[in-house]
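1. sequence unknown, structure follows:
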């Protein structure tokens, strides 16, 4: 007899038990409520119809028929073969089963017992080529008279995220039992006005149809509501996070004293662009507010985000507060350290670098200096968020390439100060829909123009031979080049590895000084290679994607990207941004010998559009759905079935409804929104560190 509560422990359900309960727990499934909300990752169409399907439904070969004959096929191998001939409405089909021998036990016994003449079955599997008849390599089969056969055949079935030890058959049957017994206990949490406005199915009907849709139309409606829920709950959570941040008091007052800012500006040797000035004014306005700043600084490669962020750090510094500047890689952290040190040379600003490769004695000294307030700007990697690193007065947190970090990592660094101001930088152009979802708690500043004098990088596609001919000419003309590969070692026939190509180049062009760098090299080795490249001692640098960010060699004038179809548009654009930093005209060559249709369109877009914002829009049109311009949310917030590109219309509806709802109830504290708030806290309260009481 089931325990009629949504908190019922799954291990007490029929067919589960302690062992399977442990496996379910590994998937985050402990109660009936968990399973009701455990959405399929996709669906399979086992109806045997020729009907157009949406991208989230996969057609599977099926056959329904009665057994005419069956027999074992004798082989000399360790694999046993069993064949059965069936006749159905679509004619005859030969079913083939493969089973491995298991000691004395005959694995064909169940098949011999099941496949007797006149017995009717549903077969699923992989069609095998045969011009004379239908042949199926069977992966699953079910008697046509099996109880609740629609769970497995003749319908659209769910496919759940799972482990190897939990079969889809088991999960489908368990989900059906839980829905049958516990679905009536599920409450509606979406406001009634939204249900009416958007024409959504009620919660119970939607849950039932998303697990076991009676039709494609029913699945589409159920999925639409489920996608909306994912977006809406997350947007509400970000909205509350934003509201809670804005009502808190950071307890610091900033004054623009200009005893550091003015000398810094005068020493730059260039004027800020209009959009840099606008971004600085927005940041300064936030920092001088009583509430802690939460701002995203978005700008293309080379637009000058670092000097804007450094201006914020100097404002904190001249008011007696420290800055933590976190970058995702040691190369990028060291690059920021060297760049900032050069900008601030001669000014009374104490700067330090903290990474995993710093010697223990030096690390201990930096730790003591930061805690004593003897470091003004501490630049580093994930090392900054380690528990032992403390600050006397951390006023500002700057995070570069934020998509490399999770929400909790952001919070951990910010938590080292009291309501510290936070500035996040990204060079990845973000479509509006993506910004709404990934950065819902942040205000956004955009630098949309390049510093004067920066020349556009001419971009072409070319063959490998043509690329190396152009490279040789460029080196003779006094330039330097990167040659980037997607892999270190050879792992596929069509992929050229950096090691193999480097060896080829040394033999083919012995007169050109070349070197190689990749991620797993010791940092000291990488640093020495990069030093020589920056000093022009090395003319050609072979590398993996490790040079995508944080490399600033102004004399580099050519970028060759091998197997360019293997890189996302964001990565291609970042790689292109490594050249064109000096006075000489620069070129980027994308080499792709066998691109597919989509890759070809992407490479055409890469050559045509030289700014990241245009590329971002083009990427949205080309992909339709999939990874968002090379950026994924890391570790904390991930969508189960929602897709920002293909479901962007639903996202905009959710955003519109969230704005309207929270305008009157910003913390969702009104009684009519109690169930919505409860559901939102269940989903995102811990992930976003929301305050329960609001």
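-> On my side now, so go ahead. Nothing here was measured: the structure is a model prediction, and the numbers come from that model.
2. for the helix or strand containing residue 413, packing partners?
-> Here residue 413 sits within helix 407-414, counting by DSSP states H and E. The helices and strands touching helix 407-414, judged by 3 or more CB pairs under 8 Å, 6 or more residues apart in numbering; DSSP states H and E, are strand 394-400, strand 421-426. Every residue, glycine included, has its C-beta placed from N, CA and C.
3. how about 10 Å then?
-> Contact analysis of helix 407-414 by 3 or more CB pairs under 10 Å, 6 or more residues apart in numbering; DSSP states H and E lists strand 322-326, strand 394-400, strand 421-426 as its packing neighbours.
4. Can you give me the buried ones in the shortest one?
-> Read it as strand 322-326. For strand 322-326, a neighbour-count test (16 or more other CB atoms under 10 Å) marks 322-326 as buried.
5. same thing with stretch 31-41?
-> Buried residues in stretch 31-41 (16+ other CB under 10 Å): 31-40.
6. Can you give me the end-to-end span of that stretch?
-> For stretch 31-41, the first-to-last residue distance is 20 Å (CA to CA, to the nearest Å).
7. gap between that stretch and the chain center?
-> The chain centroid and the centroid of stretch 31-41 are separated by 23 Å, computed with CA atoms, centre = their mean, to the nearest Å.
8. you'd agree residue 390 is up against residue 366?
-> No: the criterion here is CB atoms under 10 Å, and residue 390 misses it with residue 366 at 11.3 Å.
9. Between these two, which has more neighbouring residues?
-> Neighbour totals were compared for residue 390 and residue 366, and residue 366 leads with 20 against 14 (other CB atoms under 10 Å).
10. Sketch out the low-pLDDT regions of the stretch 451-600 of the chain for me.
-> Scanning the stretch 451-600 of the chain for pLDDT under 70 picks out the ranges 453, 489-494, 548-550.
11. How about the contacts made by residue 537?
-> By CB atoms under 10 Å, 6 or more residues apart in numbering, the residues touching residue 537 are 513, 515, 529, 531.
12. And the contacts of whichever strand or helix holds the second one?
-> Under the criterion DSSP H and E, the helix or strand holding residue 515 is strand 514-517. If you take CB under 10 Å, 6+ apart as the criterion, strand 514-517 is touched by 331, 475, 481-483, 485, 488, 498-499, 501-503, 505-506, 525-530, 532-533, 537-544, 546-547, 551.
13. In strands only, show me those residues.
-> Per DSSP state E, strands hold the following members of these: 481-483, 540-543.
14. okay if I get those residues as JSON lines plus neighbour count?
-> Converted to JSON lines, the ones in strands among the contacts of strand 514-517 look like this (neighbours: other CB atoms under 10 Å):
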{"residue": "481", "neighbour count": "26"}
{"residue": "482", "neighbour count": "24"}
{"residue": "483", "neighbour count": "25"}
{"residue": "540", "neighbour count": "27"}
{"residue": "541", "neighbour count": "24"}
{"residue": "542", "neighbour count": "27"}
{"residue": "543", "neighbour count": "26"}
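15. closest to residue 273 among the residues you listed?
-> If you rank the ones in strands among the contacts of strand 514-517 by distance to residue 273 using CB to CB, residue 482 comes first, at 26.8 Å.
16. Do I have it right that that closest one meets residue 541?
-> Yes: using CB under 10 Å, residue 482 is in contact with residue 541, at 5.2 Å.
17. list residues touching both of these two?
-> Common contacts of residue 482 and residue 541 (CB under 10 Å, 6+ apart): 517, 533, 547, 551, 553, 556, 578.
18. Could I get the helices and strands packed on helix 407-414 in JSON lines, plus columns for mean pLDDT?
-> Formatted as JSON lines, these follow (pLDDT from 0 to 100):
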{"stretch": "strand 322-326", "mean pLDDT": "95"}
{"stretch": "strand 394-400", "mean pLDDT": "94"}
{"stretch": "strand 421-426", "mean pLDDT": "91"}
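19. Which helix or strand contains residue 444?
-> Assigned by DSSP H and E, residue 444 falls in strand 443-447.
20. what pairs with that strand, and is each one parallel or antiparallel?
-> According to DSSP bridges, strand 443-447 forms sheet pairs with strand 294-299 (parallel).
21. separation between the closest residue to residue 532 other than its chain neighbours and residue 553?
-> Nearest non-adjacent residue to residue 532, counting by CB to CB, 6 or more residues apart in numbering: residue 538, 4.7 Å away. From residue 538 over to residue 553 the distance is 10 Å, taken as CB to CB, to the nearest Å.
22. between the two, what contacts are shared?
-> Joint contacts of residue 538 and residue 553 (CB under 10 Å, 6+ apart) are 480, 530.
23. Tell me how far the strand holding residue 515 lies from the chain's centre.
-> When C-alpha coordinates are averaged (CA atoms, centre = their mean), strand 514-517 and its chain have centres 30 Å apart.
24. Repeat that for stretch 442-456.
-> For stretch 442-456, the distance to the chain centre is 25 Å (CA atoms, centre = their mean).
25. buried stuff in stretch 166-183?
-> Buried residues in stretch 166-183, counted by 16+ other CB under 10 Å: 166, 168, 170-179, 181-183.
26. An error on my part: the question was meant for stretch 220-240.
-> Buried residues in stretch 220-240, counted by 16+ other CB under 10 Å: 221-240.
27. now swap in stretch 102-110 and tell me
-> residue 108.
28. That one: end-to-end distance?
-> 14 Å.
29. Give me the contacts around it.
-> Contacts with stretch 102-110, where a contact means CB under 10 Å, 6+ apart, come from 72-73, 78-82, 97-101, 112, 115.
30. Let's see that with 6 Å instead.
-> 72, 80, 82, 99 (CB atoms under 6 Å, 6 or more residues apart in numbering).
31. do stretch 165-181 as well
-> 2, 23, 32, 35, 151, 160, 208, 211.
32. Nearest to residue 445 among those residues?
-> Using CB to CB, residue 160 is the member of the contacts of stretch 165-181 that lies nearest residue 445, at 41.6 Å.
33. what separates the closest residue to the closest one other than its chain neighbours from residue 35, distance-wise?
-> Leaving aside its chain neighbours, residue 160 sits nearest to residue 171 (4.8 Å; criterion: CB to CB, 6+ apart). As for residue 171, its distance to residue 35 is 9 Å (criterion: CB to CB).
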